[in-house]
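Q: got a predicted structure plus its sequence, pasted below:
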Amino acid sequence: MKRLMYRFRFPDIVCIAIASLLNTLGTPGGALTDKESTEDTEGIDDHQYLYQVLIGDEASQIPEPALAAVSSRRL
């Protein structure tokens, strides 16, 4: 279901726990990458990712307007 959703509408912002984020980024073919699963020993290229990561410690304490302003910036 997740792959079908990403095929039609990739999310602009994903709020995710740090442990889940690390598992997703560290897994080849993870939910936020554009390649299918590969062997565990194969490295992940930087151009494989379709997004930029913004990590906020204690994100529940960040005011919504501040989060919107920071996440809408283009680097």
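A: Here it is on my side, so go on. Owing to the predicted nature of the structure, the values given are computational and were not obtained by experimental measurement.
Q: span of stretch 4-19 from start to end?
A: This stretch, stretch 4-19, spans 24 Å end to end (C-alpha to C-alpha, to the nearest Å).
Q: give me the number of residues near L21?
A: 16 (other C-beta atoms under 10 Å). Glycine gets a C-beta too; all of them are placed from N, C-alpha and C.
Q: actually, T24.
A: The number of residues packed around T24, counting by other C-beta under 10 Å, is 14.
Q: make residue 1 into 11 and carry on from there
A: Noted, 11 is the first residue going forward, which turns the last one into T34.
Q: tell me which element it is part of?
A: Taking DSSP states H and E as the definition, T34 sits inside helix 28-36.
Q: same question for R13.
A: helix 12-18.
Q: now P75
A: helix 74-81.
Q: kindly report the same for C25.
A: Short version: C25 belongs to no helix or strand, going by DSSP H and E.
Q: pLDDT score for it?
A: Looking at C25, its pLDDT reads 71.
Q: may I have the phi/psi pair for it?
A: The phi/psi pair for C25 (degrees, to the nearest 10) reads phi -100, psi 120.
Q: read off the pLDDT value for L85.
A: Per-residue confidence (pLDDT) for L85: 53.
Q: average pLDDT for the helix holding P75?
A: Across helix 74-81, the average pLDDT comes to 79.
Q: list the buried residues in that helix.
A: Residues of helix 74-81 include none that count as buried (16 or more other C-beta atoms under 10 Å).
Q: same question, stretch 17-31
A: Applying 16+ other C-beta under 10 Å to stretch 17-31 flags L31 as buried.
Q: what distance separates the start and the end of it?
A: Length of stretch 17-31, first residue to last, C-alpha to C-alpha: 20 Å.
Q: ok, now which ones touch I26?
A: T34 (C-beta atoms under 8 Å, 6 or more residues apart in numbering).
Q: for E68, grab the count of nearby residues.
A: Neighbours around E68, by other C-beta under 10 Å: 6.
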